[in-house]
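Asks: take this sequence and fold it.
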Amino acid sequence: MLTRLEVDGFKNLIGVSIDFGPLTCIAGPNSVGKSNLFDAIRFLSLLADHTLVEAALRVRDGDIETSDLRDLFSRGTQDISHGDGDLRFRIAAEMIVEPHVRDDFGRSAEATSTFLRYEVEIGYEPPEQRGSLGRLVLLAERLDYITEGEAASRLKFPHSVQFFRSSVVKNRRKTQSGFISTRNAPDGQTEIVVHQDGGSRGPGQVAPAQSAPKTIVGTSNTSITPTILAARREMQSWLFLALEPSAMRRSDRFQTPPMITGAGGHIPATLYRLAMRAKQVGQAADDVYTDVANRLARLVPISSLEVEVDDVRQMLTIVARERSGVRLPAAALSDGTLRFLTLAVLVADPEARGLICIEEPENGIHPARMGEMTEILQTLAVDQTSTPGSENPLRQVIVATHSPVFVQLQRPDDLLFAQEVKIRGKDAAIMRTLRFRPLEGTWRARQDLTAAIGLSTIVDYLIAPENAQLKLPNFDLDAIAERPT
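Replies: Reported below is the predicted structural model:
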């Protein structure tokens, strides 16, 4: 669970800090840079599996032929006397991790601390010859723990201390050092130091930062460093939904990994796994299908849902039935219905944990049904008034939208508004960046009164657009609603 993000120098994000709750809806106009926030989160997630350069290229699915690594950096924050050699950005994340982890060799381990702060600083090294890509350099990496006492002020969204915080925040670390630190060696080189979980006062394992192709977190794959591994597993679990109709309509083979992908693939395999899991614990598989179908029925007129098993072709296919009895395979369902189905299966899956990022979840949804979309997103997020577990997975949702209708349906506490602001860079040039503003009276506003905005600032989300050709007259809408039909 990502509780705080700080970004400085990444794309158009300069001096940005955001505190997240179980559900956060970020609203802003097109092209303001909301996607860059998701890119910063995704970059951290990619570092858990890839080299620095691979993570940079995969942020927006770039390739080595057309990508420029300098596009990741805020140009204007560097000292112009050093040119591209002074390009750098910093990303810091505070997160709650699962305590029990399994390493790449199948061995289980337990993290010493579950509330962590991870920070990475990346620089750019120009190529030696023109036409080359250049390289990214690891300038600093740190992983520190947050104690139970510090969590009272660091876990800022409203929550139950007894049922939520005491369950997810654990710390057995007794030394002042964290798990990863950065230091300057006597020869002037930067070194990354790995400190053992047991709190050993030894020198720790040292790696040179300048030549490191990956971060320490990205290379931790054994139970010897369980807390670092827990941080890696958390970042690996972050799911970025960019749902593609072709992926959501596709049938699955029997051997398909039964987890929903970022494109919305593997819905049949995932739903079938949930049904078989129910049978293994003495429940009816139909109960799983009925639960998902009941959620879907609020959007479209279906009476049942199941996974059709083709033993000959070894294929799994989603099949819905309308109330009239008409059979509808997934290929016949609308894009909006498939988007809703994907979220309904995620809600039903206790193994779908961690952060889920979704851009424009309202796409393909009729305005009259956006309330159902909002409700399922709220259900998807963890209930912070209860103890997390199989019935209440530690799951978090961050969405980005520009839809006034969708914004109006959100709880004020869950809203942040992306606003473009001007700041002065190191070369005295005026630069444009973003600030994410909470509404007055919400929990984020109480943390920073200067950042809060009132309803008058977001009037574009609350009234009909200028030059609207179709408007309701000034009728008494309550009286109209009560009028018999």
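
Asks: only C-alpha atoms for contact and neighbour calcs from this point on.
Replies: Noted.

Asks: which stretches of this structure form helices?
Replies: 34-47, 52-58, 148-154, 166-168, 216-219, 226-237, 245-249, 267-280, 285-296, 335-348, 370-380, 404-408, 443-447, 477-482 (DSSP state H).

Asks: out of the ones you listed, which comes closest to L316?
Replies: helix 267-280 (5.8 Å; Cα to Cα).

Asks: if you count neighbours, what's buried in that closest one?
Replies: I267, P268, A269, T270, L271, Y272, R273, L274, A275, A278 (16 or more other Cα atoms under 10 Å).

Asks: show me how far it is from its chain's centre.
Replies: Mean-position distance between helix 267-280 and its chain equals 25 Å (Cα atoms, centre = their mean, to the nearest Å).

Asks: now the angle from it to helix 335-348?
Replies: Using axes from the mean of the first three to the mean of the last three Cα atoms, to 10 degrees, the inter-axis angle of helix 267-280 relative to helix 335-348 is 30 degrees.

Asks: which helices and strands does helix 267-280 pack with?
Replies: With contacts defined as 3 or more Cα pairs under 8 Å, 6 or more residues apart in numbering; DSSP states H and E, the secondary structure elements packing on helix 267-280 are strand 252-253, helix 285-296, strand 302-310, strand 315-322, helix 335-348.

Asks: ok so, going back, which of the helices of the chain is buried the deepest?
Replies: helix 226-237 (a mean of 26; mean count of other Cα atoms under 10 Å).

Asks: roughly how far is it from the heart of the chain?
Replies: Worked out by Cα atoms, centre = their mean, helix 226-237 lies 15 Å from the chain centre.

Asks: so which elements touch it?
Replies: By 3+ Cα pairs under 8 Å, 6+ apart, helix 226-237 packs against helix 34-47, strand 100-102, strand 108-110, helix 216-219, strand 354-359.

Asks: any chance of the helices and strands packed on helix 267-280 in TSV, with distance to T379 and mean pLDDT too?
Replies: Compiled in TSV, the helices and strands packed on helix 267-280 are given as follows (distance: least, Cα to Cα, whole Å; pLDDT from 0 to 100):
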stretch	distance to T379	mean pLDDT
strand 252-253	27	96
helix 285-296	11	94
strand 302-310	20	94
strand 315-322	23	94
helix 335-348	7	95
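
Asks: so which of those is nearest D197?
Replies: helix 335-348 (33.5 Å).

Asks: between helix 370-380 and the closest one, find me the angle.
Replies: 20 degrees.

Asks: contact partners of helix 335-348?
Replies: 243, 245, 248-249, 260, 264, 267, 270-271, 274, 288, 291-292, 295-296, 299-300, 330, 352, 361, 363-365, 373, 376-377, 379-380 (Cα atoms under 8 Å, 6 or more residues apart in numbering).

Asks: now swap in stretch 43-51 and tell me
Replies: Here stretch 43-51 has contacts from 55-56, 58-59, 91, 213-215, 217-219, 232-233, 235-236, 238, using Cα under 8 Å, 6+ apart.

Asks: the closest residue to A247 other than its chain neighbours and V345, how far apart?
Replies: Spatially, and ignoring its direct neighbours in sequence, A247 is nearest to G265 (4.7 Å; Cα to Cα, 6 or more residues apart in numbering). As judged by Cα to Cα, to the nearest Å, G265 and V345 stand 12 Å apart.

Asks: and if you look at P367?
Replies: 22 Å.

Asks: repeat for A400
Replies: For A400 relative to V345 (Cα to Cα), the value is 21 Å.

Asks: shaky segments in this protein?
Replies: Applying pLDDT under 70 to the chain picks out residues 62-66, 76-85, 129-132, 198-203, 427-428, 474-485.

Asks: burial measure for P465, as a count.
Replies: Counted with other Cα atoms under 10 Å, residues neighbouring P465 total 12.

Asks: likewise for Y461?
Replies: 19.

Asks: next up, the contacts around it.
Replies: Taking Cα under 8 Å, 6+ apart, one finds S403, P404, V405, V407, Q408 in contact with Y461.

Asks: out of those residues, which is nearest to S390?
Replies: V407 (30.1 Å).

Asks: correct me if wrong: that closest one contacts A27.
Replies: Yes. Counting by Cα atoms under 8 Å, A27 is a contact partner of V407 at 7.1 Å.

Asks: shared neighbours of those two, anything?
Replies: T401, L415.

Asks: distance to T337 added to the helices and strands packed on helix 226-237, as TSV?
Replies: Shown next, in TSV, are those (distance: least, Cα to Cα, whole Å):
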stretch	distance to T337
helix 34-47	24
strand 100-102	35
strand 108-110	39
helix 216-219	37
strand 354-359	16
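
Asks: out of these, nearest to F164?
Replies: Nearest of the helices and strands packed on helix 226-237 (Cα to Cα): strand 354-359, 15.3 Å.

Asks: put the alpha carbons of the closest one into CSV.
Replies: Below are the C-alpha coordinates for strand 354-359, written out as CSV (Å, rounded to 0.1, in the frame of the first residue of the first chain):
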residue,chain,number,x,y,z
GLY,A,354,-1.4,-4.1,-3.4
LEU,A,355,-1.9,-0.9,-5.5
ILE,A,356,-4.2,-0.7,-8.6
CYS,A,357,-3.8,2.4,-10.8
ILE,A,358,-6.5,3.1,-13.4
GLU,A,359,-6.7,6.0,-15.8
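
Asks: just want the angle from it to helix 335-348.
Replies: Using the same axes, to 10 degrees: strand 354-359 against helix 335-348 is 170 degrees.

Asks: run the chain-centre distance for strand 354-359.
Replies: 4 Å.

Asks: partner strands of it, with direction?
Replies: strand 239-241 (parallel), strand 395-401 (parallel) (DSSP bridges).

Asks: make JSON lines out of those and add distance to L143 and mean neighbour count.
Replies: Output for the strands paired with strand 354-359, formatted as JSON lines (distance: least, Cα to Cα, whole Å; neighbours: other Cα atoms under 10 Å):
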{"stretch": "strand 239-241", "distance to L143": "22", "mean neighbour count": "21"}
{"stretch": "strand 395-401", "distance to L143": "22", "mean neighbour count": "23"}
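
Asks: between those, which one is nearest to D103?
Replies: Using Cα to Cα, those put strand 239-241 closest to D103, at 20.1 Å.

Asks: counting neighbours, what do you get for the residue nearest to F164 when sequence neighbours are not counted?
Replies: Nearest-residue entry for F164: T387, 5.0 Å, with adjacent residues in sequence omitted and distances by Cα to Cα, 6+ apart. If you count neighbours by other Cα under 10 Å, T387 ends up with 21.

Asks: right, and T387 touches V161 too?
Replies: No. Assessed by Cα under 8 Å, T387 is found out of contact with V161, at 9.9 Å.

Asks: shared neighbours of the two, anything?
Replies: What both T387 and V161 touch, as defined by Cα under 8 Å, 6+ apart, is an empty set.
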